[in-house]
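Asks: next comes the sequence, and after it the predicted model I'd like to discuss.
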Amino acid sequence: MSDKMWAGRFSKELNQRVNDFNSSIRFDNRLFAEDIKGSIAHASMLSKQGIISESDAESIKEGLHEIEADIKSGELLFDPTAEDIHMFIEAELTKRIGYIGKRLHTARSRNDQVALDIRLYLLREINVVAEAIGDLILTLCDVAEKHTETIMPGYTHLQRAQPITMAHHLSAYSQMLLRDMDRLLDVKRRTAVSPIGNCALAGTTYPLDRVYEAELLDLSEITENSLDGVSDRDFVIEFTSVLSLIMMHLSRFSEEIILWCSYEFRFIELDDAYATGSSIMPQKKNPDITELIRGKTGRVYGDLMNLLTMMKGLPLAYNKDMQEDKEAVFDALDTVKLCLRAFTPMIKAMKINNENCRAAAAGGFINATDCADYLTKKGIAFRMAYKITGEIVNYCIKNGKTLESLTLKEYQRFDLEFDEDVFNYINLETCVRARNVPGGPAPERVAEQITGIRVKLAKLCIALKIQ
Ligand code: ARG
């Protein structure tokens, strides 16, 4: 006799290979706590509505609590031949409490059950990711605060462009990460909706109290269309797209760390505990963590593509294709958590080489805009001032000089408006200090920015209910 839940309709055992192919327990077993939580709420709702007796509900809940404890302690192992985690737990319950266990699945289908479980699971994990991002933002604020005066070149086209500070550069990443946290908050809102009670696709004839069941699960809303409730995976895709953006940000940052710790830049040095050596070249100290993050970004994008493609042709409502959502979103989630856990302590431990940053800023005519602005403020039209400065830079390159090392006489050969005060004007510290507009790199503006980041972060944590 088949032990399948649906054996009544079938006269043959399921082919062994098909069973393996069909089974999702090897990856959906991580939903066990959510599945049990959902079932406990369901039993409570069924008994409140008089659909099952109070004492049956109590036995069911007790049995489920015991199953959860046994899974957690390692006493109960997942049966690899079970079809999925939902079937496994239900079968185990019936094994333990007998016939009463068979009442749990009243007015429920695995279709609404799995949709609920994945929502509950993601709600928990969204916060885990948000917390890890919050840690990174705090770390960046701490490091940035020490470097509001650390001059470095800002780049466009990876060509030295204008002087900025390390604090300003690092804070740009804090801003991206704050937006990622905000996006997580947004996804959370659309995930915290209960599909339970939608059953297979068309709801049920039982007098359910869906709102009560949702409240027991801390969900603020219920889905309003039973077909949509069981077949919506938008929130999974949305979450994975936020994960993709997080990886994109980490990957850009990683690329810069890789450049900065190269011998050509030497803006930073990674701590020995966060870099690796070469098996053959004794001088090497490789930024493996950041390279792996850059590499793993493609993998998370792949998960997102997988989900989008998996969903795009599915007729309403549930289709088995949707079982594929789990491996994709779990992989993206695990990857992001892994990356953040390696990246944050690496940032905390890295050393910033102020002198090398300053030296790189001094070498590339990054104060040329300021030189042109100097002439402009003396009354020369900016386009003209720009042209004169271009000629000066050209002269410097040909004669191996910098804007700082030219004499006043040399300056005056290009324009008589030049005076002794030009040297102070093009001094890098002055250039940075003078960029004193909101969002600019002047030290007090960046200090202000960092305070703003900390405030925004605190607000996001409260909204997400973390820390
Ligand atoms: N393991 C399935 C999944 O993850 C559960 C839902 C199964 N529903 C069904 N009608 N076969 O999608």
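Replies: Thanks, I have the structure now.
Asks: what about the residue in the stretch 351-467 of the chain positioned nearest to the ligand, neighbour count?
Replies: Going by C-beta to the nearest ligand atom, the ligand is nearest to L464 of the stretch 351-467 of the chain, at 27.0 Å. Every residue, glycine included, has its C-beta placed from N, CA and C. Applying other C-beta atoms under 10 Å, we find 18 residues neighbouring L464.
Asks: can you name the residues that contact it?
Replies: With contacts defined as C-beta atoms under 8 Å, 6 or more residues apart in numbering, the neighbours of L464 are 126-127, 130, 181, 184-185, 188.
Asks: next step: the residues you listed restricted to helices.
Replies: Helix and strand membership here follows DSSP state H; of those, those in helices are 126-127, 130, 181, 184-185, 188.
Asks: would TSV of the contacts of L464 with distance to the ligand, pLDDT and neighbour count be doable?
Replies: Supplementary listing: the contacts of L464 in TSV, determined by distance: C-beta to the nearest ligand atom, whole Å; pLDDT from 0 to 100; neighbours: other C-beta atoms under 10 Å:
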residue	distance to the ligand	pLDDT	neighbour count
I126	20	98	24
N127	23	98	19
A130	25	98	25
M181	29	98	26
L184	24	98	24
L185	27	98	18
K188	22	98	19
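Asks: and the helix or strand where F27 lies, what's buried?
Replies: When secondary structure is defined by DSSP states H and E, F27 falls within helix 25-28. With burial defined by 16 or more other C-beta atoms under 10 Å, the residues of helix 25-28 counted as buried are 25, 27-28.
Asks: same thing with stretch 419-426?
Replies: 422-423, 425-426.
Asks: please apply the same query to stretch 41-61.
Replies: 41-48, 51-52, 56-57, 59-61.
Asks: looking at those, spot the one nearest M248.
Replies: Set against M248, the nearest of those by C-beta to C-beta is A41 (37.2 Å).
Asks: residues of this structure that sit close to the ligand?
Replies: Residues of the chain lying close to the ligand (C-beta under 6 Å from any ligand atom) are 24, 28, 84, 110-111, 114, 318, 320, 322-323.
Asks: following the helix or strand hosting G302, which helix or strand comes up?
Replies: Element membership for G302, per DSSP H and E: helix 288-311. The helix or strand immediately downstream of helix 288-311 is helix 325-349, counting by DSSP H and E.
Asks: list the buried residues in that following helix.
Replies: Within helix 325-349, the residues scored as buried using 16+ other C-beta under 10 Å are 325-326, 328-333, 335-336, 339-340, 343-348.
Asks: repeat that for stretch 305-316.
Replies: By neighbour count, and taking 16+ other C-beta under 10 Å as the criterion, the buried residues in stretch 305-316 are 306-307, 310-311.
Asks: ditto for stretch 349-359
Replies: Neighbour-count burial for stretch 349-359 [16+ other C-beta under 10 Å]: 350, 352-354, 356-358.
Asks: ok, now stretch 99-112?
Replies: Within stretch 99-112, the residues that count as buried by 16+ other C-beta under 10 Å are 100-101, 103-105, 107-112.
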